[in-house]
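Asker: fold the following for me, if possible:
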Amino acid sequence: MNDLALLLTPEGRALLDEVRGTAPADELAVATRLRREHPAELVSAALGQARLRQRAGVKFGAEDAARMFFTPNGVEQSTRASVAAYRAERLRALGVSSVADLCCGIGGDAIALARAGIRVLAVDRDPLTAAAARANADALGLAGLIDVREADVTEVDTASYDAVFVDPARRGGRGRIFDPEAYSPPLSWAVQAALKAPHAALKVAPGIPHEAVPAEAEAEWISDGGDVKEAVLWFGTAPGAVRATLLPGPRTLLGRGLPDPEVRSVGRYLYEPDGAAIRAHLVAEVAEEVEGGLVDATIAYVTSDSLRPTPYATAYEITDRLPFNVKRLKALLREREVGILTVKKRGSAVEPEELRRKALPKPQGPHSATVFLTRVAGAPTMLIGAPARAVTGAGPS
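Answerer: Down below sits the predicted model:
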């Protein structure tokens, strides 16, 4: 709290501007120079905040991050700005004009909601976190729409708000928490809070078991740039619905209750479904789009003889199929003059980096290749190919 208070003073703000962009290798020299004119505690706080802002640029963008105030946990646990903006837009489209943001953290979601024109009550019980959220609302010119309150979320009356958003803490002293009932607050409490509001969105880990999704909720898995970021349980929308949403876009794949795809022989093309589609158990919907089947009943790789545009999977043209054998792979790569090797795996215990080191000990040659370590009809198999760029990331939303 003291560090943040120091940084919010005119001297602190000026010092933050001065240390902006300081490289780690230069910190000691910069600190030594600045301590001649400023208190050591303030200099340390400014340099620490500068490091956090540099890290936060990935999530919030360099321009916003350079004006915001962060805690180490805040940088780690905040929602990526693109994901928060997408979620805020969904709420706005539902007609929501006010949201109780419970467990608001440093205010990343509150900022996205306010920028969508939504009035926000942002609540967090940690004094430093709440202070950072308040400072961020002010720094970004959104204080008029964001009311930050330091309180226990379980004691907040949300009856006057159109929607509730809950982002429970999913990390403890030992790292990530996988049991939804071990969240803080527990998922069961968040669900009850959601059911009291006309609309609600609960942010949960993307690994949440499907059986833990309440019957009243719509479940959505979101990826950004191919990386699965979160799952959201929506209330007041479409109970029982399942969707995978890909950013940027957004592009949304809705579940249609299809049966599992049939297993078929490896065709000319291999499709790697986006992680959000896999987490949402929508591989069958992807397979239908590309007229394909599975390479193995337990593996989320789709194969087809057709090259079909889809945003929900990356297509590769397969040139070779081999039983798992490092020597044969090494010989093939040498014959093809492969100098760049990408290794992907699903259903294999072999580590990609280990295989890359053994199969291509001295990278040389102008060509590149991708090898998939997987199972085909239960047998360890290597599929070699290259991206079919004509369809990667293409297609309608």
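Asker: L202 contacts G236, correct?
Answerer: No. Using CB atoms under 8 Å, L202 is not in contact with G236, being 11.8 Å away. (Each C-beta comes from the backbone N, C-alpha and C, glycine too.)
Asker: ok, these two, which is more surrounded?
Answerer: Between L202 and G236, L202 has the larger neighbour count (other CB atoms under 10 Å), namely 25 against 20.
Asker: the more buried one - nearest residue in space that isn't next to it in sequence?
Answerer: Distances taken as CB to CB, 6 or more residues apart in numbering put L233 closest to L202, at 4.3 Å, once the chain neighbours are dropped.
Asker: sec struct for that neighbour, please.
Answerer: Three-state secondary structure (criterion: DSSP: H, G, I helix; E, B strand; the rest coil) places L233 in strand.
Asker: ok, it - how many residues close by?
Answerer: L233 has 25 nearby residues by other CB under 10 Å.
Asker: wait, what's in contact with R134?
Answerer: 107, 143, 148 (CB atoms under 8 Å, 6 or more residues apart in numbering).
Asker: ok, the second one touching A137?
Answerer: Yes. If you go by CB under 8 Å, A143 and A137 touch, sitting 4.7 Å apart.
Asker: and those two? which has more neighbours close in?
Answerer: Neighbours per residue, other CB under 10 Å: of A143 and A137, the larger number sits with A137, 24 against 15.
Asker: tell me, what residue is most central in the protein?
Answerer: Centroid-nearest residue in the chain: K229, 1.8 Å away (criterion: CA atoms, centre = their mean).
Asker: just read off the phi/psi values of that residue.
Answerer: phi -100, psi -40 (degrees, to the nearest 10).
Asker: what about it, distance to V83?
Answerer: 5 Å (CB to CB, to the nearest Å).
Asker: quick check: closest non-adjacent residue to A287.
Answerer: Per CB to CB, 6+ apart, closest to A287 is P261, 4.0 Å.
Asker: for the one you found, helix, strand, or coil?
Answerer: Once three-state DSSP is applied, P261 turns out coil.
Asker: is it true that it touches V295?
Answerer: No. Contact criterion CB under 8 Å: P261 and V295 do not qualify, at 10.2 Å.
Asker: ok, the residue nearest to the centre of the chain - contacts?
Answerer: 79-80, 83, 206, 222-223.
Asker: burial count for R251?
Answerer: 19.
Asker: name whatever forms a beta bridge with it.
Answerer: In this structure, R251 bridges to L246 when assessed by DSSP bridges.
Asker: what is in contact with K229 and V83 at once?
Answerer: What both K229 and V83 touch, as defined by CB under 8 Å, 6+ apart, is the set I222.
Asker: and the residue nearest to the centre of the chain, how close does it get to S223?
Answerer: K229 is 6 Å from S223, by CB to CB.
Asker: just K345 next, same as before
Answerer: Taken as CB to CB, the span from K345 to S223 is 19 Å.
Asker: who's more crowded, those two?
Answerer: S223 (24 against 15).
Asker: partners of that one in the sheet?
Answerer: Under the criterion used (DSSP bridges), S223 bridges to V228, L246.
Asker: that one and D274 touch, don't they?
Answerer: Yes. With contact defined as CB under 8 Å, S223 and D274 form a contacting pair (5.5 Å).
Asker: so what sits against both of these two?
Answerer: 244, 246.
Asker: quick check, P180 in contact with L187.
Answerer: Yes. P180 lies in contact with L187 (CB under 8 Å); the separation is 3.7 Å.
Asker: what is in contact with those two at once?
Answerer: 204, 212.
Asker: all helices for the stretch 1-150 of the chain, in order.
Answerer: Under the criterion DSSP state H, counting those that start in this stretch, the stretch 1-150 of the chain contains helices at 2-7, 10-19, 27-34, 40-60, 62-65, 72-77, 81-93, 108-115, 127-139.
Asker: and these, which is most packed in?
Answerer: When the helices of the stretch 1-150 of the chain are scored by mean count of other CB atoms under 10 Å, the highest mean neighbour count falls to helix 108-115 (a mean of 27).
Asker: helices or strands next to that one in the packing?
Answerer: helix 81-93, strand 98-102, strand 119-124, helix 127-139, strand 146-150 (3 or more CB pairs under 8 Å, 6 or more residues apart in numbering; DSSP states H and E).
Asker: kindly calculate the angle that the last one makes with strand 98-102.
Answerer: Relative orientation of strand 146-150 and strand 98-102, computed by axes from the mean of the first three to the mean of the last three CA atoms, to 10 degrees: 30 degrees.
Asker: what's the first helix or strand after strand 146-150?
Answerer: strand 163-166 (DSSP states H and E).
Asker: and for that next one, what's in contact with it?
Answerer: By CB under 8 Å, 6+ apart, strand 163-166 touches 87, 91, 94, 96, 98-103, 109, 113, 153, 158, 185, 190, 193-194, 196-203, 236.
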